[in-house]
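Trainee: Structure for the following, please:
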Amino acid sequence: MSAPEPGDTLVGAALKVLRVGDPWQKAEFTHRAVALWRSGDISQVSAGQAESAAAPDRPHRLDDKVKLVAPRDMPKLGKGGTLASRQALLHSLVHIESWAVDLSWDIIARFGSNPSYQLPREFFDDFVQVAAEECSHFCSLAERLEAIGSHYGALPAHDGLWESASATAHSLPARLAVEHCVHEARGLDVLPGTVAKFRGNGDEETAVLLWDVIYAEEISHCAAGVRWLKHLHKVATSHQPAAAAAAAVTVTNADGTDQQQQQQQQQQQQQPDALDGSSTAAAAAAAAADWAADARKYDTVEAWFHSLIRSHFKGSLKPPFNEAARKMAGFGPEWYLPLSTEAAPPAAAAVVAAAEAKPEAATSAAAVL
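Mentor: Residues are numbered from 1 along each chain as shown. Sure, this is the predicted structure:
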């Protein structure tokens with residue numbers, strides 16, 4: 001498999017990352033694709049919808065690198081009290097970040113050519129940035145794992161990380177809702193406790209890496225999901241299907257103007273431009289799309305989000321919630337509390353504070369997780 005190169009489309013470069021099996025080569029391809037996009041040597045998003053249709057059902061992985069087992073067969077990670085436990089915790093994080101690289105490119109490759117979503121360049125800038133940061137997390141954590149006497153692939157890992165991605169492969173709104181507004185947000189909930197485990201057991205270097213570098217960047221990844229789900233709801237509700245428009249009753253204003261025509265003109269002024277400038281075709285695609293019809297059932301993006309999660313995520317959201325981090329991501333309690341089985345206790349705030357505290361305080365607070 002050749003590396004991304006000047007003249008590729010961004011979707012084409014994403015496909016190259018997804019099709020290479022070695023996680024280190026994925027990282028190398030990611031660094032190159034990011035640099036080419038930022039320099040302008042890759043400038044076109046896609047060659048057409050057929051290119052996105054080539055997205056693999058599952059990113060390629062070399063079986064001889066990491067042994068995959070069922071989630072139920074995974075050994076317990078422990079609480080970080082022993083070196084073996086800390087190695088297992090860190091190995092799990094490395095594996096998560098490796099898959100996060102694939103997820104970042106998959107959202108570009110799978111959905112980037114669909115005109116109904118009306119995705120501006122900022123969407124692709126965001127997820128190229130997410131890919132770059134997830135790749136940096138993978139490399140930094142893998143290096144740290146080696147520093148404490150292990151390596152990626154030394155322990156088994158499970159394949160459950162791709163299950164929800166497979167279940168949302170048909171829908172960008174569902175992918176954003178489940179991966180970024182549930183899984184990424186859940187990562188924010190538990191990361192302070194993970195930091196506390198390393199800090200409380202004397203591994204300050206790993207704690208600093210997780211807290212000072214990775215934590216803030218993961219907040220921005222959750223924020224990307226919120227931001228682009230809002231965009232999609234706005235796109236959907238800005239367009240009226242042709243059949244409905246034709247059936248609408250025309251009302252004549254007192255000045256003799258056509259009220260329906262005025263409303264259509266106002267809608268057109270509010271509609272975001274498509275990436276390729278074909279706003280009329282993109283508007284028609286958005287109006288006709290099933291996902292947009294679903295979004296128009298809900299007056300607010302939060303209500304739509306609740307429906308998406310109930311349809312595409314098994315179970316309810318579990319507290320404690322890291323309310324501070326979620327708020328920084330633009331993800332207020334009106335989004336997630338209605339999906340929770342109980343009101344969120346203030347435990348997450350205590351764990352966040354403890355993660356920055358002295359080791360003995362952090363160890364005590366970590367017990368709430």
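
Trainee: contacting residues around the residue most central in space within the chain?
Mentor: By C-alpha atoms, centre = their mean, the chain has its centre lying nearest to residue 180, at 3.6 Å. With contact set as C-beta atoms under 8 Å, 6 or more residues apart in numbering, residue 180 has these partners: 221-222, 224-226, 229. Glycine gets a C-beta too; all of them are placed from N, C-alpha and C.

Trainee: any chance of those in a markdown table, with distance to residue 19, neighbour count and secondary structure too?
Mentor: Formatted as a markdown table, the contacts of residue 180 follow (distance: C-beta to C-beta, whole Å; neighbours: other C-beta atoms under 10 Å; DSSP: H, G, I helix; E, B strand; the rest coil):
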| residue | distance to residue 19 | neighbour count | secondary structure |
| --- | --- | --- | --- |
| 221 | 23 | 25 | helix |
| 222 | 28 | 25 | helix |
| 224 | 24 | 22 | helix |
| 225 | 25 | 27 | helix |
| 226 | 30 | 23 | helix |
| 229 | 28 | 25 | helix |
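
Trainee: Among the residues you listed, which one sits closest to residue 51?
Mentor: Comparing the contacts of residue 180 against residue 51 with C-beta to C-beta places residue 224 closest, at 22.5 Å.

Trainee: ok so, going back, including pLDDT and distance to residue 133, could the contacts of residue 180 go into a markdown table?
Mentor: Compiled in a markdown table, the contacts of residue 180 are given as follows (pLDDT from 0 to 100; distance: C-beta to C-beta, whole Å):
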| residue | pLDDT | distance to residue 133 |
| --- | --- | --- |
| 221 | 97 | 7 |
| 222 | 97 | 12 |
| 224 | 97 | 10 |
| 225 | 97 | 14 |
| 226 | 98 | 17 |
| 229 | 98 | 20 |
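
Trainee: Mind pulling the model confidence for residue 13?
Mentor: On the pLDDT scale, residue 13 is placed at 98.

Trainee: mind checking which helix or strand it is in?
Mentor: Per DSSP states H and E: residue 13 is located in helix 10-19.

Trainee: Quick check: which ranges of the stretch 251-369 of the chain have low pLDDT?
Mentor: Applying pLDDT under 70 to the stretch 251-369 of the chain flags residues 251-279, 281-282, 342-369.

Trainee: Could you export whichever strand or helix holds residue 28 as CSV, CA atoms only?
Mentor: Using DSSP H and E, residue 28 sits within helix 23-39. Extracted C-alpha coordinates of helix 23-39, given in CSV (Å, rounded to 0.1, in the frame of the first residue of the first chain):
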residue,chain,number,x,y,z
PRO,A,23,-0.5,0.3,13.5
TRP,A,24,2.9,2.1,13.2
GLN,A,25,2.4,2.4,9.5
LYS,A,26,-1.0,3.8,10.1
ALA,A,27,0.6,6.4,12.2
GLU,A,28,3.2,7.2,9.5
PHE,A,29,0.5,7.5,6.9
THR,A,30,-1.5,9.7,9.2
HIS,A,31,1.3,12.1,9.8
ARG,A,32,1.8,12.3,6.0
ALA,A,33,-1.8,12.8,5.2
VAL,A,34,-2.2,15.5,7.8
ALA,A,35,0.8,17.4,6.5
LEU,A,36,-0.3,17.2,2.9
TRP,A,37,-3.8,18.5,3.8
ARG,A,38,-2.5,21.4,5.8
SER,A,39,0.0,22.3,3.1
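
Trainee: Run the chain-centre distance for that helix.
Mentor: Taking C-alpha atoms, centre = their mean, to the nearest Å, the mean C-alpha location of helix 23-39 is offset from the chain mean by 18 Å.

Trainee: Need the residues that contact it.
Mentor: Contact partners of helix 23-39, identified using C-beta under 8 Å, 6+ apart, comprise 3-6, 8, 10, 13-14, 16-17, 20, 42, 61, 65-66, 98, 101-102, 105, 124, 128, 131-132, 135, 138-139, 152.

Trainee: Quick one: buried ones out of those residues?
Mentor: Among the contacts of helix 23-39, those classed as buried by 16 or more other C-beta atoms under 10 Å are 3-4, 8, 10, 13-14, 16-17, 20, 42, 61, 66, 98, 101-102, 105, 124, 128, 131-132, 135, 138-139, 152.

Trainee: Find me whatever residue is spatially closest to residue 174, sequence neighbours aside.
Mentor: residue 168 (4.1 Å; C-beta to C-beta, 6 or more residues apart in numbering).

Trainee: Who are the contact partners of that neighbour?
Mentor: With C-beta under 8 Å, 6+ apart, residue 168 has these contacts: 174-175, 177-179, 312.
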